[in-house]
Structure formats: structure tokens, C-alpha cells
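Colleague: Provide a 3D model corresponding to the input given below.
(chains A and B)
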Amino acid sequence: MRAQLRKELAQVLRDRLALALALLLPLLQLLLMGNALSLIVRDLPLVVQDLDSSPASRRLIDGFRGSLTFRVAPWPTDRQPEAALTAGVARGVLIIPDGFHRSVLRGVDAPVQILVDGADGNTARLLAGYAGRVTAAFNVEQGAAVQPPVSAEVRFWYNPERSSKKFYGPGIFVMGLSMFPPLLAALGMSREGERKTILQVYVSNISAAEFLLGKVLAFMIVAFGQCLLMLATLFIAFDVRLAGDPVPFLIATVLYAFCTASFGSMIGAAIPSQVAAMQAVMMGGFLLVFMLSGLIFPLANIPDGLRWLSNLVWARYYIEIVRDAFLQGGGWSAVWYKVLIIGGIGGVFFGLGWRRLRRMQLEH
Amino acid sequence: MGSRVLGFGLGFVMWALGFVSEEISVLRRWLSPALRAAFVKEVGQIRRDRQVVRAMIIPPLLQLLLFGTVMSPAVTDLKLGIVDGSRTPVSRDLIAALAESGSFRLQGIYPSANELGTDISDGLLDAGIVIPSDLPRDVGRGRPARIQVLLNAMNANTAAVSEGYIEGILQGFNRSLAAGGVDAGVRQVAATGAPRRGRAVLHPAYLFNPGMVTTWFLVTGLLGQLLLMNGMITSSATMVREREAGTLEQLLMTPARTSEIIIAKIVPPFLLLGIPGLIALAVLRFYFQVPFRGSFTLLAVASAACVFCGIGLGTVVATLTKSAQQAQLSSFFIFPPMIALSGALTPAEAMPAWMQPWAIVNPIYHFGEISRGALIRGGGFPELWPNLAALLIFALVLMSVSVWRFRQQLT
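Modeller: Residues are numbered from 1 along each chain as shown, chains lettered A, B, ... in the order given. Coordinates of the predicted model:
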């Protein structure tokens, strides 16, 4: 078995493409996607149509200009305000009607309209929220208004600066671990089937379980190397820190490496064609993780009929563990059963791969 | 509805006819029997290759349907826990306002802030609200009262949107208090005797998407990605297969000229790739109910350019790799950065500033701008020509590079 492990590692190290896949690509993916994924648009372009052009309207516009979220530009009063949105110049148009200043002085409610580009629903909702806050601050500052009777004092737990990359970085870390080790494992295993070198294994005195374990261990080592590199990147470039007890995370990482390496080996054993095996791993290692593990969007948004599928996706549990370790710090009490599930799924993959190998031996 | 369907159908036919007629004129100009034969051979080859045809249609459509259904940034049904320190009609009114808003799902009333905190950190709650015991007294006396809101901000977007929801609910609650004669400000101002100023009241209107369907953004962006990936995968697969079978040399022995071989290699897959492209558009229109408000011709041209970019990329990849396996592996190097920098899933403007310029060299980004601009915002050529120009330039450059690479391989 040790010989098997050594042979497998030597094969990966010799193949430059495989080495790049194992170490370079996950890093590149982490840096690119971890930084690029974000739903929060800062610096929203807003055009203003000031039909009142009075001291009060200018103060309101200054309020928008002063908030860091908006980039304010004027819009000629003779042009249709919607055109600014269609032309893609702005995400919103603030229209201050004639008589705004007068209403404010008279103590009457002064309506102001904001047209929001709804093409991107999420940004639209954020923009409306920001604009409401700016207007409320304007009212209080004017002295006009009125401290509201009840106001909220909001605390942002676990991610006070509300950084997107601290949320997506750990997620992409999991995606890398779910994609590349099983890909290499599946390629290594199906190569044996494709080139019939597996027949040599049958005639040697190595048992199916030992053979499989050697393979799985080799790709677990690949996964650990990749994991270390990506963790270092997370610490340096993503400012991520351990939030609590790291033990559940470490144990889960070992089990997860076992789980994905077994998944890859199982696929490789079942499909003795490298191209087809690669496609199967992409389905499991990439598409399922991307869609059904809560990597980008909350799992709660998946329609009821499909949401149960996410319970079968191994990456889902690991993502939750990683996010807990780096952001939330809930520790064992929050994640213990997720660690067990990962181990369980890994055991099932290993068992299936082992059975498949034994049966193949009988067939040949 | 009927006229829209008709318009869609007409656009469809025009699009198809446009390309077919172009084909005919090309054929007529050269009218070379070799070219015609090469054409027949290519079309037949793709058609016979069931695997390629299946891979061309099923996975992209499945992905579009699944991604569009499963992935949504909407923030709804947030799990909320409340600590009610006062237990009075005022606090119960507030709790009712939060529960009725539809944005939150009340999970329970907690006896203490500690227990609330534990459930937030165990992931059982997304948000918690602590109502202080002196809330009714403060409200009664016209003193501003504060409630504490705890948000799980791991997902920054969810936290930002939840904050907006809570503020909206509180505004409504405050208005209802004012209607009931309680308005802290009025009393304060009345006490100081200063004249009261008018409030600016903001009325937001959501244009193009009053129902705030978040899926539209996603599927319109995804469309470009699928068109491009599909073109790339199909062309590299057919090319690699030709080489693995060793029939590329045989092509050279035929009386067809190199340019004819190349045209025959590019045009049939392009026409065939139009089929899944049109099905995808139909899925957008009828399944996801994306409005088709603007110029359909613009979208059709952009789609065609996107497919051409894909074919060009696929051909270049195929000429650079040695086997089908390598061609497939190389897509791992191309797709992740391309998807990350495309603005297809999340807005490109939300990327960090140093990354945003890179979106400009991404065809998927330009296609997304066009599809969103033309379909949802109702834009046309005057607004979107820079994106279209960029897309056409990419198509042209990628096709030229691929033709050059292919020629090199032939000679």
C-alpha cells in the first residue's frame, strides 16, 4: 500500500499539467472568484434631476453626494429621466419636484421620487434602502424632522465590516477542495482502467482495499498541500482569521479530503474513460457544489421541491463548517453532526469504490 | 401576449433566414463543388455524432433551468428571534409588525439576549431583536427609544438587505404610532416652540421590474456564458475528434482549398449551435418570463457573436492541445476566470476596483450588458453599440486567430 501511495504521488509530481491543476489552479480560482463575487455594489451611479433648484434641494443632493455609496451626476431637466437608466449611465434617478423648498419651509411633507433600475433586483433593493437612509438623515439634520419614536441600533455580528470576500473566500476554498483532488483521483483511477494497467494490479498480491486506500491517501496528501496553500492565501489576502476552536475544522478537513478523494476514485473505478470520468467529476465536484451548497446564494432561496437535494451535497456541510470556523466561531456545538455526515458520505464513497473494484476483478 | 409571441416567432425566422441567405450567397459566389461537399460532410458528421448533438443541447439548457431556479440572491423568510423585555401592547404591536412584514419568519420569543445570541451563533436564526423593558415608557413620554437589532452578517448582502427591511418596518410602525397621537418629535418640537419643517418623503419606483424578480438578472447573464461555453466545447470536441481519427490529413487530400475547409469547419457548427441558442431564448421568455422589451435583432446579433467567440476559442484550444482529455482540462483554466470576471452571476460593478477593468476584455460581460439592456430595460442600438462593437471585435479577433492556428496545423 505504501508503494502504491508513493507511485501515485510520483505520477502527480511528474505530470506538470496535473501539478498545475492540483496547486496553481485552485489558488488562481480562489484569488479571482473570492474577490470578484460580491452582491454589494458600492459607488452606485445616481443622476439627479433637480426641478426645484433651491437651497433645500441642493442640501438634499449634498446629502446623497456625501454618502459614500452614491456617485452623483446631474441630468438635464429636459431629458426623460428613464433614459438615464436605459442608457446604463445610472442605477437610479432622483427627481426633486418643483416646490420642494416651499413645502419644506411650510412644514408640509415634500415628496421626492427615486426611479430605481430594477433589472438587477438585488442592487435595486439595496439602492432604495440607502436612499431612504440618506433622506431620513436629511430630515433629522434639517431639524424638521423628527427623531423617530423607535429606531434600530443594528449590530453586525461575525463580519462587522460586512466584507463580501470574507464570506466568499472560504466558500471558494471549499469549491477548490471539492473540484481538484477528486478530478486528479478520477483521472488517475480511470487511466488504470483505460490503459489496462489495472490488470497488473489484479495479478499482484495487493488487495482491492489496499489498492484503493493507497490511491485515496495519495490524493488526500495532494488535497492537504492544496489546502495549506489556499489557507495561507485566505489568511494573507482575505484577512480571514480563526474565530473559535479550530479542532472541528481540522478534523472536518481531514474527513473532507478523504471524502472527495474517495469520490474521485469511485468515479474513476466506475468509468474507465478519462474524458467521461472527468465529466462526471465536474457534475459532482463543481456543479452540485456551485448550485446546491449555499456557496453563492442562501440555501433557503432554493424552491422547496429541490432544496432537499442540498442535504446530499457533501460540500454543503463543509462550507458551513469552514464558515463557522472563520467567521462565526460556534465550535463543536454548532457543527458536530456536520463533521459526522462528511465522514459518513466519505465512507459510502469508499465502500462503493471498493465494491466496484472487487467486482471488476471478478469480471476480468 | 399573442403579438409578442408573433414578434418573437418572426424575429426567430428572420434570424435564421438571415444566416441561411448569407450561406446561399457565399455558396453562389464560390459555387465550388468542393466546398459544397465539405459542407455536407461536416453537417453529416456532426449529425451522426449523437454524443456531440446531445452535449450541445441538453447540458446547457439543463444548466440554464437549474441555475435560474436554484440560484437567487433574494432575501426572504429570514429567521427572526425576539427578546421582549417589556411585554406591553406597544412591544406586541412592534412584534406583530415584524411578523406581518413577510420578510421575516418569527421563530420564537426568547427569555434573554444570551439565549438569542446562542441560537444566532448556532445558525438557527438570521436575525435577533431585543426590545428594551423601558420601550413603552419612552414612547409614552415622547423620548426616542432604541431597539437592538443583531444580524448575522456573515453574508454581507443578506445583512445589508435585512437592515433595510427592518428600517422600513420601523418607519411604518412609527407612522402608525404617530397616527395614534404619539410622535416624539412633535412633542419635542412643540416644547421648544420652533416652527416645524416639512419632511422629504422618498417614493421609490422600480422601473422595468416592478415585481423585483431577481432571476432575470441571473438568467440574462448566464445566457452569454452558456452560448460561449457551448460553442467552445462543441468546436473543440469536433476538432479534436477529427484529429484523433487522423482524418485531418485526408481533408488536405481533397480538392477543397484550405479556406474552403475552414469555412466548412466553422459555418455548420455555428448554424447548429443556433438551435440550443434559440431554445434558451424561448426558455428565458416563456419559463422565466423575462420581458423582451427592446431590440431583438441586437440580441440576435450579439448571440451570434458570442457563439463565434466560443467557436474561435474552442478551435484555438483544440489546436494547442494533444488530446480530448487535455482540451477538456484546459477549459478549467479558461472558465473560472471568465465566469468570475463576467458579471453574469453577481453585478460586475460589485467587483473590487482593480478587477473591474478586466471585465472589459470578457465577451460574457458585454453580452450580459446587451441582454439586460435590450430585454429588460428596452434598450437598442443607440445605447448598447459600444458593447456590441466590443463583442464583434472579440469574435473577429478570436476567429482570425483560430483560422491562423488551423492553417498552421494544416500545412
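Colleague: For burial, what's the neighbour tally of residue A:92?
Modeller: By other C-beta atoms under 10 Å in any protein chain shown, the residues close to residue A:92 number 26. C-beta here means a position set from N, CA and C on the backbone, and glycine is covered the same way.
Colleague: what's the spacing between it and chain B?
Modeller: Distance of residue A:92 to chain B, computed by C-beta to the nearest C-beta, to the nearest Å: 9 Å.
Colleague: One more: residue A:131?
Modeller: Counting by C-beta to the nearest C-beta - residue A:131 and chain B are separated by 6 Å.
Colleague: Give the buried residues for the helix or strand where that residue lies.
Modeller: Following DSSP states H and E, the helix or strand that holds residue A:131 is helix A:121-142. For helix A:121-142, the neighbour count (16 or more other C-beta atoms under 10 Å in any protein chain shown) marks A:121-136, A:138-139, A:142 as buried.
Colleague: Give me the helices and strands touching it, please.
Modeller: With contacts taken as 3 or more C-beta pairs under 8 Å, 6 or more residues apart in numbering or on different chains; DSSP states H and E, helix A:121-142 sits against strand A:44-50, helix A:55-66, strand A:92-96, strand A:110-117, helix B:156-179, strand B:200-207, helix B:215-245.
Colleague: who's in contact with the shortest one?
Modeller: By C-beta atoms under 8 Å, 6 or more residues apart in numbering or on different chains, the surrounding residues in contact with strand A:92-96 are A:44-52, A:57, A:60-61, A:64, A:75, A:81-82, A:84-85, A:112-117, A:127, A:131.
Colleague: which other residues reach whatever helix or strand comes next after it?
Modeller: Beyond strand A:92-96 on the C-terminal side, the first helix or strand identified by DSSP H and E is helix A:100-106. With contact meaning C-beta under 8 Å, 6+ apart, helix A:100-106 is reached by A:52, A:54-57, A:60, A:109-110, A:112, A:142, A:144, B:197-200.
Colleague: And those, which two are furthest apart?
Modeller: Between any two of the contacts of helix A:100-106, the greatest separation by C-beta to C-beta is 18.4 Å, found for A:55 and A:109.
Colleague: how close does residue B:370 get to residue B:132?
Modeller: Using C-beta to C-beta, to the nearest Å, we find residue B:370 at a distance of 52 Å from residue B:132.
Colleague: The two: which is more packed in?
Modeller: Between residue B:370 and residue B:132, counted using other C-beta under 10 Å, the more crowded position is residue B:370 (30 against 17).
Colleague: In space, what's closest to the more buried one - neighbours in sequence excluded?
Modeller: residue B:302 (4.5 Å; C-beta to C-beta, 6 or more residues apart in numbering or on different chains).
Colleague: Look at the one you found and say how many residues are nearby.
Modeller: By other C-beta under 10 Å, the residues close to residue B:302 number 29.
Colleague: got the contact list for it?
Modeller: Neighbours of residue B:302 in contact, by C-beta under 8 Å, 6+ apart: B:366, B:367, B:370, B:371, B:374, B:387, B:388, B:391.
Colleague: and if we set it to 6 Å?
Modeller: B:367, B:370, B:391 (C-beta atoms under 6 Å, 6 or more residues apart in numbering or on different chains).
Colleague: Can you tell me the number of residues neighbouring residue B:169?
Modeller: 19.
Colleague: Find me the pLDDT at the closest residue in space to it that isn't next to it in sequence, would you?
Modeller: Computed as C-beta to C-beta, 6+ apart, the closest residue to residue B:169 that is not its neighbour in sequence is residue B:101, at 5.0 Å. Note for residue B:101: predicted pLDDT of 81.
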